[in-house]
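Asks: Sequence and predicted model, in that order:
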Amino acid sequence: MSLNIKIENFEGPFDVLLHLIKKNKMNIYDIKICQITEQYLKYLSDMRKMDLNLTSEFIVIAASLIEIKSKTLLPERNSDKNDGGEGEDEDPRKELVDKLLQYKKFKAAAESLKKRQYSTGRIYGKKPEVIESKKEDISKFLKGVTLWDMYEKYTGLMKKYESRFNDKNVLDKRIPRDKFKLEDKVVYIKNVVHEKKRVKFSTIVKNCSFKIEKITTFLALLELVKLKIIFVIQERNFSEIYIERTTEDEKQC
């Protein structure tokens, strides 16, 4: 009875190692080097039984695995501080792990490019074409039009344009002078507070006839607070604002 041995077609030694790591459900950063080495050497032995030629790459990786396995079997050596050592020995698997990670990235990129190669044949682009611009003859629009006709058309358009802007709709380009000045309102509030000492803000703005006058009065109030001539009191939002003169202002009086 013959024994049939099936060997998968791997592209190289790193491909075999990745297959073994995946098969044994290992973490690539924590490879069980003894188990992987035994399985890898068994794979090479099976290749010899089938009379398959072993390349130097497979043999070099086998030698590297045996070397790493021998280092892991040795007891860990910690450097003595008095001996001036550089610390604990580096993990002997690190160099192998780095190479496996790099090989894994290139293999994934190669597979991605291979898929694109097959899908490229099913993509059809639009063939380039020359788009000719159609130039219209402007002379046909002016055919039979005299200079006098153009003049009458122009003057008619200008009259329509001017008729839209009568005296009521024309905007005044002059900038009017401010009727209510901030300085005047500052003096007005100071005089009121000096006479009554405590006054409501609603009483001050009650005599304002225009909205802009009320705004100017409020700005004057803020200016006096900033100069610490008066202070204001408001118990809650939207309640009455009381204005009082400060102690320093009373001394000046």
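Replies: Arrived safely. Residues are numbered from 1 along each chain as shown.
Asks: what about the helices in the chain?
Replies: For the chain, the helices defined by DSSP state H occupy 13-23, 33-49, 56-73, 94-120, 147-163, 182-196, 201-205, 211-226, 247-252.
Asks: Low-confidence ranges, the stretch 101-250 of the chain, go.
Replies: Residue ranges of the stretch 101-250 of the chain with pLDDT under 70: 120-124, 133, 135-138, 164-178, 247-250.
Asks: again, only using 80
Replies: 116-143, 161-179, 197, 247-250 (pLDDT under 80).
Asks: sorry, back to before: please work out which of the helices of the chain is packed deepest.
Replies: Mean neighbours per residue, mean count of other CB atoms under 10 Å, is largest over the helices of the chain for helix 13-23, with a mean of 17. Every C-beta, even on glycine, is put in place using the N, C-alpha and C of the backbone.
Asks: can you give me how far it is from the chain middle?
Replies: On the basis of CA atoms, centre = their mean, to the nearest Å, helix 13-23 sits 40 Å off its chain's mean C-alpha point.
Asks: can I get the helices of the chain in a markdown table with distance to Glu129?
Replies: Converted to a markdown table, those look like this (distance: least, CB to CB, whole Å):
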| stretch | distance to Glu129 |
| --- | --- |
| helix 13-23 | 48 |
| helix 33-49 | 58 |
| helix 56-73 | 53 |
| helix 94-120 | 23 |
| helix 147-163 | 41 |
| helix 182-196 | 71 |
| helix 201-205 | 75 |
| helix 211-226 | 66 |
| helix 247-252 | 86 |
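Asks: Among the ones you listed, which comes closest to Lys134?
Replies: Proximity to Lys134 (CB to CB) singles out helix 147-163 among those, at 26.6 Å.
Asks: what comes into contact with the closest one?
Replies: Helix 147-163 is contacted from outside by no residue at all, using CB atoms under 8 Å, 6 or more residues apart in numbering.
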